[in-house]
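*Asks:* below are the sequence and a predicted model; questions follow.
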Amino acid sequence: MVFAVGLAPTAAAIDLRPSLSLHYNKRKNSGLMRANLNAHKDEDDPLFEAAIRHASLRFQETLCPEPLLVDPYAGCFVPHSVEVDEVHAELPPHQYCLATRFIDDKLLAATKEIEGLKQVVLLTDGIDTRPYRLNWLPSTIIYDISPERIFTRAARKLGDVGAKIPRSCLFFHIPLESSDIQQILRSKGFTGNRPSIWALQGLPLVNLASFKEILVLVSSLAMKGCVFVGEFPGRLTETEIGIKCTTKEWIENLFMSYDFRVDMIGYDEVARNLDKEPALGDYKNTLFVAEHLRYSDDQVIPIMENWRREFLRVEEDADEEGFEEL
């Protein structure tokens, strides 16, 4: 399976609020490392710039008096030239940070509540620090699917600041550009006969066809009942939704066509549940939680094999009974 990643989303398509990174006075002695990045190399890579903006939002949220999340590694990606200021408690959180906290909670809850869930697949921008900062249970296997060039640079920077995967856990990176992501996942130990949870946030998707390929990937590999959580990029719906169809109905139909029952979660609802003020500004992405309704390919094969054996047995029994009658 090949994913189209040749066209990067523009800064406007990322739906971030640039004003957040400029409102405050620089906070001293934050205890979080800052990056020393080569700016002129980053200017030519819009995917890397978008990933850095996400990391900057996590870094700023970490500096809040009562943060939604704590990312001790995000600061190593924020250039020294960017003013990161003290965040006031009354400032509403950014929708991206609300989504990050929501996905974090879903991932950790699933690994604790679902027996045998040891497989976590993250579809990311290449600078996702979840493998390092979340409290994973022992023996969890974490897979990161993201652009190779971004992940490689991020991994080097994370290594420089001492970021490590929790003991007894395994971590594998699968390049988004790979010709057969399913095969690579299986070669790294992923199996559709065991529970898994999948999360999508920040993965650069060129168009709706790219997202459909993601749905095919998850639907093929995830067991029946597995959860797919994340942010659906709103810009992918701009030319797709008809006059007689709402965004909610269109997304529900899209997911159902790949055997997922999906619920859309409002960012304001997430904020209320966390005792935070609703976020400000227009944000086109949609937060979702989807349940897989059909068997994975790995589940179907033994089912079909059992059916074939049973069919052959019935035929043999029928032949024997017919012979006795003669």
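*Replies:* Thanks, I have the structure now.
*Asks:* now the closest residue to residue 295 other than its chain neighbours: how far from residue 253?
*Replies:* Distance criterion CB to CB, 6 or more residues apart in numbering; nearest residue to residue 295, sequence neighbours excluded, is residue 224 at 5.0 Å. All C-beta spots, glycine's among them, are computed from the backbone N, C-alpha and C. Per CB to CB, to the nearest Å, residue 224 is found 20 Å from residue 253.
*Asks:* the more surrounded of those two?
*Replies:* Set residue 224 next to residue 253 and count neighbours by other CB atoms under 10 Å: residue 224 wins out with 15 against 11.
*Asks:* confirm that one sits in a strand?
*Replies:* No. Read with DSSP: H, G, I helix; E, B strand; the rest coil, residue 224 is coil and lies in no strand.
*Asks:* for it, phi and psi?
*Replies:* phi -60, psi 130 (degrees, to the nearest 10).
*Asks:* pretty sure it is touching residue 294, no?
*Replies:* Yes. Contact criterion CB atoms under 8 Å: residue 224 and residue 294 qualify, at 5.9 Å.
*Asks:* would you mark the buried spots in the one helix or strand residue 173 maps to?
*Replies:* Using DSSP states H and E, residue 173 sits in strand 170-175. Within strand 170-175, the residues scored as buried using 16 or more other CB atoms under 10 Å are 171-175.
*Asks:* next: stretch 113-131.
*Replies:* Across stretch 113-131, burial judged by 16+ other CB under 10 Å covers 117-131.
*Asks:* cool, stretch 55-72 as well?
*Replies:* Buried residues in stretch 55-72, defined by neighbour count with 16+ other CB under 10 Å: 55-64, 67-69, 71-72.
*Asks:* looking at those, which are in helices?
*Replies:* 55-62 (DSSP state H).
*Asks:* the protein: strands as residue ranges?
*Replies:* Assigned by DSSP state E, the strands in the chain fall at 119-123, 141-146, 170-175, 196-200, 227-232, 260-265, 286-292.
*Asks:* reformat these as CSV; add mean pLDDT and distance to residue 48.
*Replies:* As requested, the strands of the chain are exported to CSV (pLDDT from 0 to 100; distance: least, CB to CB, whole Å):
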stretch, mean pLDDT, distance to residue 48
strand 119-123, 98, 17
strand 141-146, 98, 11
strand 170-175, 98, 15
strand 196-200, 98, 19
strand 227-232, 97, 19
strand 260-265, 97, 29
strand 286-292, 97, 25
